[in-house]
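J.: sequence plus the predicted model coming up.
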Amino acid sequence: MRTIITGGAGFLGSHLCDRFLAEGHEVVCVDNLITGRTSNLAHLRDNQRFSFIHHDICHALEIEGEVDNILHFASPASPIDYLRHPIPTLKVGSLGTHNSLGLAKFKQARFLLASTSEVYGDPEQHPQREDYWGHVNPIGVRGVYDEAKRFAEAITMAYHRFHGVNTRIVRIFNTYGERMRLDDGRVLPNLMGQALRAEPLTVYGDGSQTRSFCYVSDLVDGIYRLLLADFHEPVNLGNPNEVSILDFAQEILELTGSASELVFKPLPQDDPKVRRPDIDRARRVLGWEPKIDRHEGLSRTLKYFRARVADNA
């Protein structure tokens with residue numbers, strides 16, 4: 001099997017490269033390195049079934065030979081990144097998805113789109129189920145990511161219905177683990193990095209907003225199962241164990257042994273108040289649910305972040 005992974009140098013993409021190589025695939029990683037890092041792939045440099053192409057998927061990609069699978073994971077995925085790169089975020093969700101689907105159509109390959117829980121916006125339904133259409137501000141600062149992914153889902157379904165492309169859509173909820181960037185602006189690296197540097201921990205709003213955190217190996221397993229399943233509508237993947245940000249910050253303090261204090265700042269525009277996946281579809285269609293509890297996953301991630309903080313000291 002030959003699998004192309006766009007955004008393969010990113011946090012999730014690099015773990016997917018590992019999984020598909022472990023399953024015996026030849027893996028072609030495509031990344032323009034706006035937010036991805038070659039260090040995430042350094043351990044694969046000598047693997048003869050792995051290759052890296054430095055390329056912006058917003059421009060057409062030519063690949064020689066057969067291709068069995070295309071996983072489109074190219075996109076800035078954290079608020080700090082897509083607010084810094086709003087136009088590239090919109091382009092990779094539209095032009096990048098179009099190019100990836102065109103390649104899948106030409107190669108008669110299976111196509112899997114990395115969508116996001118952000119398509120639900122600041123949800124009025126809780127927990128979020130795949131048949132919920134969302135509550136999104138299209139012209140808000142987060143709209144560049146939310147609407148890019150909503151368009152990506154629409155064009156993916158259009159290619160499936162009109163061209164018969166064998167497509168999949170995964171809606172990814174908050175995921176964490178090794179290879180996250182300390183500076184990516186998401187809540188876990190923010191809090192864990194601040195705790196390890198003995199800085200005050202930043203909590204936005206009053207901390208009552210909730211998130212659900214899924215460890216990366218669980219997510220990757222769900223994505224692999226989805227690719228192999230004969231199912232074309234969106235599937236939520238995430239951990240339904242919900243926690244408030246305030247309680248999560250306290251967990252980080254206890255886990256790290258930090259004496260840092262909490263500081264409260266205004267809630268960012270359109271920041272979701274609640275976020276928890278309904279994973280009944282994933283259980284039914286994929287036989288999947290998370291296995292790694294939050295304490296174990298955070299302990300593994302802490303070991304990685306300690307090394308990164310030490311490297312930057």
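T.: Looks like it arrived, so ask away. Residues are numbered from 1 along each chain as shown.

J.: give me the neighbour count for Val203.
T.: If you count neighbours by other Cβ atoms under 10 Å, Val203 ends up with 23. Where C-beta positions appear, they are placed from N, C-alpha and C, glycine not excepted.

J.: and what of the one 10 residues further on?
T.: In terms of burial, Phe213 registers 23 neighbours under the definition other Cβ under 10 Å.

J.: ramachandran angles for it?
T.: Main-chain dihedrals, Phe213, degrees, to the nearest 10: phi -110, psi 130.

J.: I figured it hits Met180, correct?
T.: No - with contact defined as Cβ atoms under 8 Å, Phe213 does not count as touching Met180 (11.5 Å).

J.: so what sits against both of those two?
T.: Common neighbours of Phe213 and Met180 (criterion: Cβ atoms under 8 Å, 6 or more residues apart in numbering): Leu188.

J.: what about the helices in the stretch 151-300 of the chain?
T.: Remark: helices assigned in the stretch 151-300 of the chain by DSSP state H, counting those that start in this stretch are 187-196, 216-228, 245-256, 280-286, 294-312.

J.: mind saving the C-alpha coords of the third one as PDB?
T.: In PDB, the C-alpha atoms belonging to helix 245-256 read as follows (Å, rounded to 0.1, in the frame of the first residue of the first chain):
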ATOM      1  CA  ILE A 245     -10.300  24.500  31.900                       C
ATOM      2  CA  LEU A 246     -10.000  25.500  35.600                       C
ATOM      3  CA  ASP A 247     -10.000  21.900  36.800                       C
ATOM      4  CA  PHE A 248      -7.600  21.000  34.000                       C
ATOM      5  CA  ALA A 249      -5.200  23.800  35.100                       C
ATOM      6  CA  GLN A 250      -5.300  22.300  38.600                       C
ATOM      7  CA  GLU A 251      -4.500  18.900  37.200                       C
ATOM      8  CA  ILE A 252      -1.500  20.300  35.400                       C
ATOM      9  CA  LEU A 253      -0.300  21.900  38.600                       C
ATOM     10  CA  GLU A 254      -0.600  18.700  40.600                       C
ATOM     11  CA  LEU A 255       1.100  16.600  37.900                       C
ATOM     12  CA  THR A 256       4.000  18.900  37.400                       C
END
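
J.: in it, what counts as buried?
T.: Within helix 245-256, the residues that count as buried by 16 or more other Cβ atoms under 10 Å are 245-246, 248-250, 252-253, 255-256.

J.: give me the helices and strands touching it, please.
T.: Here helix 245-256 touches helix 187-196, strand 201-204, strand 210-212, helix 294-312, going by 3 or more Cβ pairs under 8 Å, 6 or more residues apart in numbering; DSSP states H and E.

J.: ok, the closest residue to Gly143 other than its chain neighbours - contacts?
T.: Nearest residue to Gly143, sequence neighbours excluded (Cβ to Cβ, 6 or more residues apart in numbering): Asn137, at 5.8 Å. Contact partners of Asn137, counting by Cβ under 8 Å, 6+ apart, are 121-122, 143, 146, 270.
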